[in-house]
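*Asks:* give me a 3D structure for the following:
(one chain, ligands or ions: 2)
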Amino acid sequence: MTENVKINRGLKGVYFERSAVSDIDGAAGELRYRGYSIHDLATQSSFEEVCFLLIHGALPSADDLAAFDAELKAARTLPTEVFDIIAACKHGHPMDVLRTAVSALAALEPASQTVGEDAFVANGIRLTSQIPMIIAAHEAIRNGRDPVAPDADLGHAANWLWMLKGEKPSAAAAHLADVDFILHAEHGSNASSFAARVTIGTEANLHGGIVTALSTLAGPAHGGAAEDVMKMVRDIGTPENAAAYVKAKRSAREAVTGFGHRVYRKEDPRARHMRDGVRRLGEEMGAPEWYEILQAVVEAMKPYARHGLNVNVDFYSGVIYQLHGIPMDLYVPIFAIGRMPGWVIQCMEQQHSNILIRPLTLYNGPEARDYVPITARG
Ligand SMILES: CC(=O)SCCNC(=O)CCNC(=O)[C@H](O)C(C)(C)COP(=O)(O)OP(=O)(O)OC[C@H]1O[C@@H](n2cnc3c(N)ncnc32)[C@H](O)[C@@H]1OP(=O)(O)O
Ligand SMILES: O=C([O-])CC(=O)C(=O)O
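*Replies:* Numbering: from 1, shown residues only. Ligands and ions are numbered 1, 2, ... in the order given. Predicted coordinates:
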């Protein structure tokens with residue numbers, strides 16, 4: 001009966017739902033949020049505007065944006081218990097601390113228990129502002145400093161850098177962080193968003209979906225790639241070593257991190273903006289060698305490009321964070337800051353026309369057999 005069943009391992013190429021948010025053309029290497037090209041958004045928009053677009057479905061008017069920005073700023077608060085929880089697990093990986101703190105918020109803030117469209121918007125906006133606060137507070141606490149209070153004069157990206165470092169970022173640094181968040185904001189049915197949808201499919205609340213998404217983002221095949229790229233760049237050391245590094249990886253049939261994608265067969269369209277950022281920042285900071293190493297890896301990988309193997313969004317982002325002096329274990333949490341509106345809208349779409357997500361696994365274990373009591377087993 002089951003011999004002819006087709007199994008789609010990893011759900012490769014399977015459509016499980018419709019979505020009106022991200023339009024990804026993997027063959028052409030194109031990405032649009034709600035119909036707008038990622039290139040226009042990365043060069044002309046702000047993260048706040050993109051959040052509004054993703055959550056509400058249209059670009060905001062100036063008044064809409066001012067009201068949305070005020071909502072985000074008003075949500076920059078955390079219950080004191082969350083700071084205690086961060087302190088109690090301050091030696092953990094920032095992703096574990098972040099996930100634990102979001103879980104704690106679900107228990108501490110009664111509004112998080114409400115489901116439905118309005119509740120998801122309100123809780124989503126609150127979490128979008130709270131997540132950078134948690135990450136920055138953890139960084140301060142683990143280094144023996146007091147968390148830095150948010151600054152209502154600063155936008156989302158600049159305020160994040162301010163809370164992280166305790167000093168006002170340059171306009172260029174804030175802009176690069178803003179672009180980074182826009183590029184990471186949403187990407188259809190990626191692993192973490194799909195996982196969040198599975199949670200929401202059970203009629204769980206938004207915080208539950210976000211905790212699931214955070215758990216799923218953390219792995220090196222997904223959000224952890226930027227950290228691994230930085231480790232790779234350090235291992236390679238100089239551009240001349242890149243070819244030998246790639247050859248050794250390919251001979252061992254190991255993945256070269258920052259390359260490959262489940263959907264794109266051309267270069268990930270987000271990568272070019274990060275590439276420009278690394279090049280410019282490296283030159284400005286008198287550290288061009290990181291960019292040169294990355295480009296030497298790209299050159300060494302060229303023979304494989306014909307198989308659709310190209311850089312993805314996270315090939316360049318790690319080096320940008322490194323040039324900003326951000327610790328490597330914060331790279332995945334930074335991805336989470338950017339991905340918040342994407343997770344929120346994916347959860348909203350799921351709950352809007354909900355259905356339990358429950359595929360099948362084809363049994364290939366032992367045939368039916370008789371139970372043997374423990375006293376009779378050899
Ligand atoms: C934001 C993001 O989440 S983007 C992804 C971030 N992750 C990374 O950068 C980690 C490195 N990349 C990878 O591990 C993979 O490319 C994934 C997990 C992202 C996608 O994997 P899949 O969709 O399963 O790709 P798939 O396995 O079908 O790859 C096709 C072929 O390319 C090879 N391949 C895929 N990625 C890589 C890579 N990074 N380096 C070398 N070879 C690769 C596979 O070995 C496979 O070769 P084969 O047909 O000879 O076996
Ligand atoms: O779509 C994917 O599979 C992974 C990805 O690029 C993302 O989540 O941004």
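
*Asks:* hang on, isn't residue 148 packed against residue 163?
*Replies:* Yes: using CB atoms under 8 Å, residue 148 makes contact with residue 163 at a distance of 4.6 Å. From N, CA and C alone the C-beta is placed, and that goes for glycine too.

*Asks:* mutual contacts of these two, please.
*Replies:* In terms of CB atoms under 8 Å, 6 or more residues apart in numbering, residue 148 and residue 163 are both contacted by the residues residue 136.

*Asks:* distance of whichever residue of the stretch 51-200 of the chain sits closest to ligand 1 from residue 233?
*Replies:* The stretch 51-200 of the chain approaches ligand 1 most closely through residue 190 (6.1 Å), counting by CB to the nearest ligand atom. Spatial separation of residue 190 from residue 233 under the definition CB to CB, to the nearest Å is 24 Å.

*Asks:* next: residue 80.
*Replies:* Here the criterion is CB to CB. By it, residue 80 lies 40 Å from residue 233.

*Asks:* more neighbours: which of these two?
*Replies:* Per other CB atoms under 10 Å, whichever of residue 80 and residue 233 has more neighbours is residue 233, with 23 against 8.

*Asks:* okay, residue 148 and residue 163: which has more neighbours?
*Replies:* Taking neighbours as other CB under 10 Å, residue 148 and residue 163 compare with residue 163 leading, 22 against 18.

*Asks:* so what's the more buried one up against?
*Replies:* With contacts taken as CB under 8 Å, 6+ apart, residue 163 has the following neighbours: 132-133, 136-137, 147-150.

*Asks:* just put those residues in TSV and tack on secondary structure.
*Replies:* Output for those, formatted as TSV (DSSP: H, G, I helix; E, B strand; the rest coil):
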residue	secondary structure
132	helix
133	helix
136	helix
137	helix
147	coil
148	coil
149	coil
150	coil
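
*Asks:* max pairwise distance over the residues you listed: which two?
*Replies:* The span of the contacts of residue 163, defined through CB to CB, is set by 132 and 149 at 12.8 Å.

*Asks:* so for the two, which sits in the more crowded spot?
*Replies:* A side-by-side neighbour count of residue 132 and residue 149, using other CB under 10 Å, places residue 132 first with 27 against 10.

*Asks:* pretty sure that one is touching residue 337, no?
*Replies:* Yes: counting by CB under 8 Å, residue 337 is a contact partner of residue 132 at 5.1 Å.

*Asks:* shared neighbours of these two, which are they?
*Replies:* With contacts taken as CB under 8 Å, 6+ apart, the residues that reach both residue 132 and residue 337 are residue 160.

*Asks:* element containing the spatially most central residue of the chain, please.
*Replies:* Computing the C-alpha centroid of the chain and ranking residues by CA atoms, centre = their mean puts residue 335 first, at 3.7 Å. Here residue 335 is covered by helix 331-352, with elements defined by DSSP states H and E.

*Asks:* one more: residue 24?
*Replies:* Assigned by DSSP H and E, residue 24 falls within strand 22-25.

*Asks:* elements contacting that strand?
*Replies:* For strand 22-25, the contact count by 3 or more CB pairs under 8 Å, 6 or more residues apart in numbering; DSSP states H and E identifies strand 30-33 as packing neighbours.

*Asks:* quick one: the strand it packs on near ligand 1?
*Replies:* No: using CB under 6 Å from any ligand atom, strand 30-33 stays clear of ligand 1, coming no nearer than 11.9 Å.

*Asks:* reformat the contacts of residue 163 as TSV; add pLDDT and distance to residue 215.
*Replies:* As requested, these are exported to TSV (pLDDT from 0 to 100; distance: CB to CB, whole Å):
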residue	pLDDT	distance to residue 215
132	98	19
133	98	20
136	98	21
137	98	20
147	98	24
148	98	27
149	98	29
150	98	26
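
*Asks:* between the residues you listed, which sits nearest ligand 2?
*Replies:* Ranking the contacts of residue 163 by separation from ligand 2, with CB to the nearest ligand atom as the measure, puts residue 132 on top at 18.5 Å.

*Asks:* what does the average pLDDT come to for stretch 16-30?
*Replies:* Taken as a whole, stretch 16-30 carries a mean pLDDT of 97.

*Asks:* residues in contact with it?
*Replies:* 31-35, 37-38, 54, 57, 186-189, 197, 261, 263-269, 310, 342, 345-346, 349-350, 357.

*Asks:* could you redo the last one with a cut-off of 6 Å?
*Replies:* 31-32, 186-188, 263-267, 269, 345, 349 (CB atoms under 6 Å, 6 or more residues apart in numbering).
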